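In: Sequence first, predicted model second:
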Amino acid sequence: MRLRSPRHLRAAAHVELISLVVLLSNLFTVHLRPISSLAGPAHGCAYLCVVVATWRLGTATTAAKILAVVPGAGGLLALRRIDRLESARQAAGKAAPS
């Protein structure tokens, strides 16, 4: 069984990236204020959720915490680091003789 990072962290990281894509595509195309007014606070809230959730996660390394601070894709990078660490811990647990 493979352990995964918490659902709330995974969801917030995806919302952070998607809202950034929406904001940038709106900026470089039609620049509608209602889209900016909706996606801007959503992106900010998701960013803060990612940072706080990563810092409170007990299995997060210092590198994952630093990656979480990167705006946009930092949440997904931190999740990747956390998942990789969990996979390594599980592999080490299976390799140990009983």
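Out: Received it, and whenever you're ready, just let me know what you need.
In: Could you find the closest non-adjacent residue to the spatially most central residue of the chain?
Out: Per CA atoms, centre = their mean, the C-alpha nearest to the average position across the chain is that of Gly75, at 2.0 Å. Distances taken as CB to CB, 6 or more residues apart in numbering place Ala13 nearest to Gly75, at 2.9 Å, with adjacent residues excluded. Heads up, the C-betas are built off the backbone N, CA and C, glycines and all.
In: Surely that neighbour is in contact with Tyr47?
Out: No. Here Ala13 does not reach Tyr47: they are 9.6 Å apart, not a contact under CB atoms under 8 Å.
In: Between those two, tell me which one has more neighbours.
Out: Higher neighbour count among Ala13 and Tyr47: Ala13, with 26 against 23, using other CB atoms under 10 Å.
In: distance of the more buried one from Ala91?
Out: 24 Å (CB to CB, to the nearest Å).
In: Quick check: mean pLDDT of the stretch of helix or strand Arg84 belongs to?
Out: With secondary structure defined by DSSP states H and E, Arg84 is part of helix 74-95. Mean per-residue pLDDT for helix 74-95: 88.
In: go on, stretch 47-58?
Out: 94.
In: buried stuff in the lengthiest helix in the chain?
Out: In the chain, with assignment by DSSP state H, the single longest helix is helix 33-56. Neighbour counts over helix 33-56 (16 or more other CB atoms under 10 Å) mark 35, 39, 42-43, 46-47, 49-51, 53-54 as buried.
In: pretty sure Thr61 is touching Asp83, no?
Out: No. Using CB under 8 Å, Thr61 makes no contact with Asp83, being 11.8 Å away.
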